[in-house]
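**Student:** Sharing a sequence plus its predicted fold:
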Amino acid sequence: MKTSVNSFKSTCCYCGVGCGVVVHKENDGRLTLEGDVTHPSNKGMLCSKGMNLHYTVMDQSDRLLFPQMRLSRSMPMQRTSWDEALERTAAVFKALIKKFGPDSVAFYVSGQCLTEEYYLVNKLIKGFIGSNNIDTNSRLCMSSAVVGYKLSLGEDSVPVCYDDMEEADVFYVTGANPAWCHPVLWRRIEAHKAANPDVKIICADPRRTDTARSADLHLAINPGTDIVLNNAIGRLLIEKNYIDPEFIDNHTNGFESFQVKVFERTVEESAALCGIDANDIELAADWIGKSKGFLSLWTMGLNQSVIGVNKNLSLINLHLITGRIGKPGNGPFSLTGQPNAMGGRETGGLANILPAHREVTNPAHREEMEAFWNSPVKIADKPGLTATEMFDALADGRLKAIWIINTNPLVSMPDLNLTEKALNNARFVVVQDVSNRADTVAFADVVLPAAAWLEKEGTMTNAERRITHLPKVLDAPGEALPDAEIIWRFAEKMGFGNEFNYNNPSEVYDEYVKVTAGTNIDVSGVSYDLLRERRSVQWPFWGRKDEGGRDEGGKEELESAEFYDSTGTKRLFADRRFFTGDKRARIFGVADENTSEPVDSDFPLVLTTGRIRDQWHTMTKTGRVAKLNQHIPQPFLQINPKDARLRNIADGQLVTVLGRRGEVRVKAQVTEDVKPGLCFLPMHWGKILGSSLNRANNLTNTLADPKSKEPDFKFSAVEVAPY
Ligand code: SF4
């Protein structure tokens, strides 16, 4: 790794693996980039997306450069000044709030936002406007895991770290394709398996993905049967005496109801429902039961479901009944989709929470934050609108204005025809973004140009609770500003200048960490200086020893090495004390029935959506990199040969995918990689040459898990016909 005064350590801004990168400013003005060998998350490795990150920064052809606005939708956008754009936005917000109340406005933000940005938007709307209408696109990917963790462990707390990968001997990957979506983590698992051939990988997925291909056992379950499978594994773990009675008796509640639930079906019945062999379920249970280190990894296949929370609980149950948590190489590990989904939640970036995982429904938590912020209003006592609820409310007129920051809902939301109707119906739309490729720009009344990655300073938290500092390396082009500065300038225009009187993001961060003091996610001893010095810190972090703190989890108080991961951070739950009131984890007997949109004779196939290896979300960044576009240049529909034959569809033929809410037209890829009855569309593409027929989310629905409010992207009823 080369270093010079022109080298800067940062963090990849794509997935939640959060790989460290070193960016070099070359003498000729070009940027080059390499993996950071000193970063514990990736140890120098980068995937194809990360290796090409600098091209997205150097190509500024699509950048939004100046504030723009228009006085009506029929008028063209015109360049304006920052003052004028923000004053008009403040005037509209004030007028709407006065006439319709604070819940008439909302912010929809992104897991790409830095922690400081998340914190400021939350402070503004919850503590000063008096509404909880802020939600994030992380609602679309992680909220079922959040609720699952809170219910079972008492806190939204990922209990493992990446170094557990090298300690585990059984990996249960379910509803995830890390080989494509979290490649650097997957490379670590592959290298570990290559060095230790007895390591077993189990993959549960209706699709034969690259992850499934490299697994020792692929459980190609029917869509929506994840809980049936996990309950059957749970039953076998009990029957075969693989459980940990001491752990269950002393550290958990709920085992009895779990036992009753999992014995409601025989393993053979479960296997039939899942569409797999009962012997394979038994093999999975044997490997898990006999393992020394049992890690489960999951993402959207469990989370993006109308029963997403229960799917999470059914998986976490397997760790709790076997006591496989809080020990090296053991635990449930939700893989985060976005680079700062975790940091967003830490600052309260969901409609139902406040900073440091406080709850808006908890009066004491509201009072703490009102006092801390010196709020001129009471924090609302009910959760605000979640992501899908915001667009429903815009469509039916309950919500009047929305401010969209660094996310592209016209590609990523379910039921895009509804999303489009919602934005058309909105009285006022503000779009704050880096790129004019964001589809929402066309619907904006005000467009605010934001600084991109490397053009602003701040922090992010990756999937293993690891916080890193991202320095400003370049000036933003044109008049683009850092997102945090846009928010504090707007707050001043709203009349809240005294409480938003910041000069730099470091001041915002220093304020945020104070509210974590004494909480489960305490980072009150962390500062930019500390992050620069140590490269990264995992939470909780209870202050530097040389400043009177306990430093890295009170290492001096606990002697067993098992209480620490290999980076010296306290291992959550190593002491068998959970974040619940009685310190016991909760095991749940969860129902296994799927309540997704039903298939019928008109729409007999199940559509699932997902990502491809070299694209990121809605392609506003990766879609500009020629090398990345070469991997899979066009959207496609995977369909099983049996289903294709029935419909006279040949491989490569143009087909129409029809659903209850819209249609898609793409080329068919006839493949055994999807089961009969299932088809798959990638989620990345928006409009191509003005046509919206490439958008997978024309077909998905807004059904959501009742607790997490996460939409059911993985199960929509469709039919396919030759075009
Ligand atoms: Fe970036 Fe994720 Fe790839 Fe790492 S694995 S380089 S964080 S996209």
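**Tutor:** Looks like it came in fine.
**Student:** What about the residue in the chain positioned nearest to the ligand, how many residues nearby?
**Tutor:** Nearest to the ligand, among the residues of the chain, is residue 50, at 2.4 Å (C-beta to the nearest ligand atom). The C-beta positions use only the backbone N, C-alpha and C, and glycine is treated the same way. Residue 50 has 24 neighbours, counted by other C-beta atoms under 10 Å.
**Student:** Might you report the residue contacts of the closest residue to it other than its chain neighbours?
**Tutor:** In space, and not counting its chain neighbours, residue 50 is closest to residue 12: 4.5 Å by C-beta to C-beta, 6 or more residues apart in numbering. Counting by C-beta atoms under 8 Å, 6 or more residues apart in numbering, residue 12 makes contact with 18, 19, 20, 21, 46, 49, 50, 53, 339.
**Student:** Mind telling me the two of those residues farthest from one another?
**Tutor:** 20 and 49 (14.7 Å; C-beta to C-beta).
**Student:** which one of those two has more residues nearby?
**Tutor:** residue 20 (26 against 22).
**Student:** bridging residues for that one?
**Tutor:** With DSSP bridges as the criterion, residue 20 is bridged to residue 11.
**Student:** Can you pull the residues of the stretch 101-250 of the chain lying near the ligand?
**Tutor:** Contact residues, the stretch 101-250 of the chain versus the ligand (C-beta under 6 Å from any ligand atom): 182, 183, 184.
**Student:** thinking the first one is in contact with residue 338, fair?
**Tutor:** In other words, residue 182. No. In terms of C-beta atoms under 8 Å, residue 182 does not count as a neighbour of residue 338; the distance is 11.6 Å.
**Student:** higher neighbour count, these two?
**Tutor:** More crowded of residue 182 and residue 338, by other C-beta under 10 Å: residue 338, with 29 against 24.
**Student:** Tell me if I'm right that the more buried one and residue 113 touch.
**Tutor:** No. Using C-beta under 8 Å, residue 338 is not in contact with residue 113, being 9.3 Å away.
**Student:** name the element residue 449 belongs to?
**Tutor:** strand 446-449 (DSSP states H and E).
**Student:** Mind listing the strands the helix or strand just after that strand pairs with, and their directions?
**Tutor:** Downstream of strand 446-449, the next assigned helix or strand under DSSP H and E is strand 458-461. Each strand paired with strand 458-461, and its direction, by DSSP bridges: strand 466-470 (antiparallel).
**Student:** Put the alpha carbons of the partner strand into PDB.
**Tutor:** Extracted C-alpha coordinates of strand 466-470, given in PDB (Å, rounded to 0.1, in the frame of the first residue of the first chain):
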ATOM      1  CA  ARG A 466     -17.500  -0.400  13.400                       C
ATOM      2  CA  ILE A 467     -17.300   3.400  13.100                       C
ATOM      3  CA  THR A 468     -14.900   5.000  10.600                       C
ATOM      4  CA  HIS A 469     -14.100   8.600   9.800                       C
ATOM      5  CA  LEU A 470     -14.300   9.700   6.100                       C
END
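**Student:** Who are the packing partners of the very next helix or strand once past that strand?
**Tutor:** Sequence order places helix 483-493 as the next helix or strand after strand 466-470, per DSSP H and E. For helix 483-493, the elements it packs on are helix 82-100, helix 115-122, helix 505-514, judged by 3 or more C-beta pairs under 8 Å, 6 or more residues apart in numbering; DSSP states H and E.
**Student:** quick check: angle from helix 483-493 to helix 82-100?
**Tutor:** Counting by axes from the mean of the first three to the mean of the last three C-alpha atoms, to 10 degrees, helix 483-493 lies at 60 degrees to helix 82-100.
**Student:** per-residue confidence averaged over helix 483-493?
**Tutor:** Across helix 483-493, the average pLDDT comes to 98.
**Student:** repeat for stretch 167-180
**Tutor:** Model confidence over stretch 167-180, given as mean pLDDT, is 96.
**Student:** okay, how far is it across stretch 20-38, tip to tip?
**Tutor:** In stretch 20-38, first residue to last residue: 8 Å (C-alpha to C-alpha, to the nearest Å).
**Student:** any residue of that stretch up close to the ligand?
**Tutor:** No. Stretch 20-38 is not in contact with the ligand by C-beta under 6 Å from any ligand atom; minimum separation 7.4 Å.
**Student:** Which residues outside that stretch are in contact with it?
**Tutor:** 1-4, 6-12, 19, 39, 41-46, 50-51, 53-54, 57-58, 454, 468, 473-474, 535-536.
**Student:** Go again with 7 Å.
**Tutor:** Here stretch 20-38 makes contact (C-beta atoms under 7 Å, 6 or more residues apart in numbering) with 1-2, 6-12, 19, 39, 41-46, 50, 53-54, 57-58, 454, 468, 473, 535.
**Student:** And those, which of them are buried?
**Tutor:** With neighbours counted by 16 or more other C-beta atoms under 10 Å, the contacts of stretch 20-38 contain buried members at 8-12, 19, 39, 41-46, 50, 53-54, 57, 454, 468, 473, 535.
**Student:** Residue 708 falls within a strand, correct?
**Tutor:** No. Using DSSP: H, G, I helix; E, B strand; the rest coil, the assignment for residue 708 is coil, not a strand.
**Student:** That one contacts residue 144, doesn't it?
**Tutor:** Yes. Counting by C-beta atoms under 7 Å, residue 708 does reach residue 144; the two are 4.2 Å apart.
**Student:** Can you pull the residues that touch both of these two?
**Tutor:** 308, 309.
**Student:** rewinding a little: which stretch among the helices and strands packed on helix 483-493 is buried most, on average?
**Tutor:** helix 115-122 (a mean of 29; mean count of other C-beta atoms under 10 Å).
**Student:** Give me the residues contacting the helix or strand that comes right after that one.
**Tutor:** Using DSSP H and E, the next helix or strand after helix 115-122 towards the C-terminus is strand 134-136. Contacts to strand 134-136, defined as C-beta under 7 Å, 6+ apart, come from residues 106-111, 121-122, 125-126, 344, 349-351, 384-387, 390.
**Student:** what's the closest non-adjacent residue to residue 713?
**Tutor:** Counting by C-beta to C-beta, 6+ apart, the residue nearest residue 713 is residue 304, at 4.1 Å.
**Student:** same thing with residue 121?
**Tutor:** Counting by C-beta to C-beta, 6+ apart, residue 107 is the residue found nearest to residue 121 once chain neighbours are left out, at 5.2 Å.
**Student:** and the one you found, that one's in a strand?
**Tutor:** Yes. Assigned with three-state DSSP, residue 107 falls within a strand.
**Student:** need the residues of this structure near the ligand, please.
**Tutor:** Of all the residues in the chain, those lying near the ligand are 12, 14-15, 17-19, 42, 46-47, 49-50, 182-184, going by C-beta under 6 Å from any ligand atom.
**Student:** I'd like those laid out as JSON lines, including secondary structure and distance to residue 615.
**Tutor:** Formatted as JSON lines, the residues of the chain next to the ligand follow (DSSP: H, G, I helix; E, B strand; the rest coil; distance: C-beta to C-beta, whole Å):
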{"residue": "12", "secondary structure": "coil", "distance to residue 615": "15"}
{"residue": "14", "secondary structure": "coil", "distance to residue 615": "10"}
{"residue": "15", "secondary structure": "coil", "distance to residue 615": "12"}
{"residue": "17", "secondary structure": "coil", "distance to residue 615": "16"}
{"residue": "18", "secondary structure": "coil", "distance to residue 615": "19"}
{"residue": "19", "secondary structure": "coil", "distance to residue 615": "17"}
{"residue": "42", "secondary structure": "coil", "distance to residue 615": "20"}
{"residue": "46", "secondary structure": "coil", "distance to residue 615": "16"}
{"residue": "47", "secondary structure": "coil", "distance to residue 615": "12"}
{"residue": "49", "secondary structure": "helix", "distance to residue 615": "8"}
{"residue": "50", "secondary structure": "helix", "distance to residue 615": "13"}
{"residue": "182", "secondary structure": "coil", "distance to residue 615": "14"}
{"residue": "183", "secondary structure": "helix", "distance to residue 615": "13"}
{"residue": "184", "secondary structure": "helix", "distance to residue 615": "17"}
